[in-house]
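**Student:** Need the 3D shape of this:
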Amino acid sequence: MSTPAIQWYPGHIAKAERNLLEQLKKVDVVLEVRDCRIPLATNHPRAEQWIGNKGRVLVMNRVDMIPTEARHQWEDWLKSQNEAPCFTDGQHGKGVKSLVKLAQRAGSQVNERRKARGMLPRPVRAVMIGFPNVGKSALINRLLGKRVVESARKAGVTRSLRWVRISDQIELLDAPGVLPNILNDQDAAIKLAICDDIGQASYDHQRVAAAMVELLKDLQQGHVLHDRYQVDPADVTGETYVQMVSQQRYTGDSDRAANALLNDYRIGRLGSIALELPPVS
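**Tutor:** Residues are numbered from 1 along each chain as shown. Predicted coordinates:
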């Protein structure tokens, strides 16, 4: 292929990053949200630099979309990297109470310092950062117990920065998803597109659907495609598989077939599948 499968020209992303960097000066704790299906691909290369010495909570969202075994593998591996992840499901509220406690604990030093100076305590100021569509807005709505920020399973819903009060102890900044200006790792970019964690204008659906078929085969998950579409992917390329599904179900419309394949994965019709597992040391 002469051109990358995934490209983007994120003018609003660059603006969002500038705004976020300005707001980061005002926060005590960073909640870094990743997609459980692709925790490595949704690790922003500049997150560590942005966070610096602030309190941090690693939030592994969409835990409902991966098998329990994969969750345990990630939990063990992250702990071996001195991480203490909080696994959440923003759509259904799982893990949200733990997240509040971890955020308060991560920011507790702020009020300890204020007390030492004879100052009154104030709410801990936190910010939620991560790639577009990793579920930040859904998590915030769960934290508040009501819908106050727009939430959807598509990238780019949040376009502005806003503060919301979670409780007397925590104020939270809802920030737009921030993509790297350049993503050289096309394998990671493909996974972001499969999971709909970047804008749909950035990629060709047929190429991404074909790549998903190849990835599922590599992960020994090709059987889920056969079960769903009654078309065996074993001995064909991903591109050919999309064509076969289009002939069988969509009167040869490959774009409709590609969209159906991607959507079926994204909403769980293919089952709980982790597209990344921890590196083997």
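**Student:** For the residue at the greatest distance from the centre of the chain, what are phi and psi?
**Tutor:** Within the chain, residue 118 marks the point farthest from the mean C-alpha position, 40.8 Å out by Cα atoms, centre = their mean. Residue 118 adopts backbone torsions of phi 80, psi 20, taken as degrees, to the nearest 10.
**Student:** got a list of what it touches?
**Tutor:** By Cβ atoms under 8 Å, 6 or more residues apart in numbering, the contact set of residue 118 is empty. In this view, the C-beta of every residue, glycine as well, is placed from N, C-alpha and C.
**Student:** Residue 32 reaches residue 129, doesn't it?
**Tutor:** Yes. Contact criterion Cβ atoms under 8 Å: residue 32 and residue 129 qualify, at 5.8 Å.
**Student:** Could you check which of these two is surrounded by more residues?
**Tutor:** residue 129 (25 against 22; other Cβ atoms under 10 Å).
**Student:** The more buried one reaches residue 42, doesn't it?
**Tutor:** No. Residue 129 is beyond contact range of residue 42, at 10.9 Å (criterion: Cβ under 8 Å).
**Student:** quick one: the strands in the chain?
**Tutor:** 29-35, 55-61, 86-87, 124-129, 162-165, 170-174 (DSSP state E).
**Student:** show me what contacts the nearest residue in space to residue 164 that is not next to it in sequence?
**Tutor:** Once flanking residues are discounted, residue 164 sits nearest to residue 172: 5.3 Å by Cβ to Cβ, 6 or more residues apart in numbering. Each residue near residue 172 by Cβ under 8 Å, 6+ apart is listed here: 31, 125-128, 140, 143, 163-166.
**Student:** Determine which two of those residues are furthest apart.
**Tutor:** 31 and 165 (15.2 Å; Cβ to Cβ).
**Student:** of these two, who's got more company?
**Tutor:** residue 31 (27 against 12).
**Student:** OK, contacts around the more buried one?
**Tutor:** So, once contact is read as Cβ under 8 Å, 6+ apart, residue 31 ends up touching 56-57, 59, 99, 103, 126-129, 172.
**Student:** Pull out the buried members of the residues you listed.
**Tutor:** 56-57, 59, 99, 103, 126-129, 172 (16 or more other Cβ atoms under 10 Å).
**Student:** ok, those vs residue 213, which is closest?
**Tutor:** Out of the buried ones among the contacts of residue 31, the member with the shortest distance to residue 213 (by Cβ to Cβ) is residue 59, at 29.9 Å.
**Student:** neighbours around the nearest residue to that closest one once chain neighbours are set aside, how many?
**Tutor:** Counting by Cβ to Cβ, 6+ apart, residue 59 lies nearest to residue 33, which is 4.5 Å off, once chain neighbours are set aside. Residue 33: 25 surrounding residues under other Cβ under 10 Å.
**Student:** Could you do the one 5 residues further on as well?
**Tutor:** Counted with other Cβ under 10 Å, the neighbours of residue 38 add up to 23.
**Student:** cool, and residue 76?
**Tutor:** 10.
**Student:** low-confidence ranges in the stretch 101-250 of the chain?
**Tutor:** Across the stretch 101-250 of the chain, the ranges flagged by pLDDT under 70 are 146-161, 182, 201.
**Student:** which residues sit in contact with residue 59?
**Tutor:** Taking Cβ under 8 Å, 6+ apart, one finds 31-34, 85-86, 88, 99, 128, 130, 139 in contact with residue 59.
**Student:** ok, residue 32 to residue 197 distance?
**Tutor:** 14 Å (Cβ to Cβ, to the nearest Å).
**Student:** Nearest residue to residue 279 in space, please, no chain neighbours.
**Tutor:** Using Cβ to Cβ, 6+ apart, the closest residue to residue 279 is residue 77 (7.5 Å).
**Student:** overlap in contacts of residue 32 and residue 129?
**Tutor:** What both residue 32 and residue 129 touch, as defined by Cβ under 8 Å, 6+ apart, is the set 44, 47.
**Student:** Tell me where this structure has helices.
**Tutor:** 11-24, 47-51, 68-80, 96-106, 108-116, 136-144, 186-194, 205-218, 222-229, 238-249, 254-266 (DSSP state H).
**Student:** wait, which of the ones you listed is closest to residue 277?
**Tutor:** Shortest distance between residue 277 and the helices of the chain, using Cβ to Cβ, is found for helix 68-80: 5.9 Å.
**Student:** The closest one: which residues count as buried?
**Tutor:** 70-71, 74-75, 77-78.
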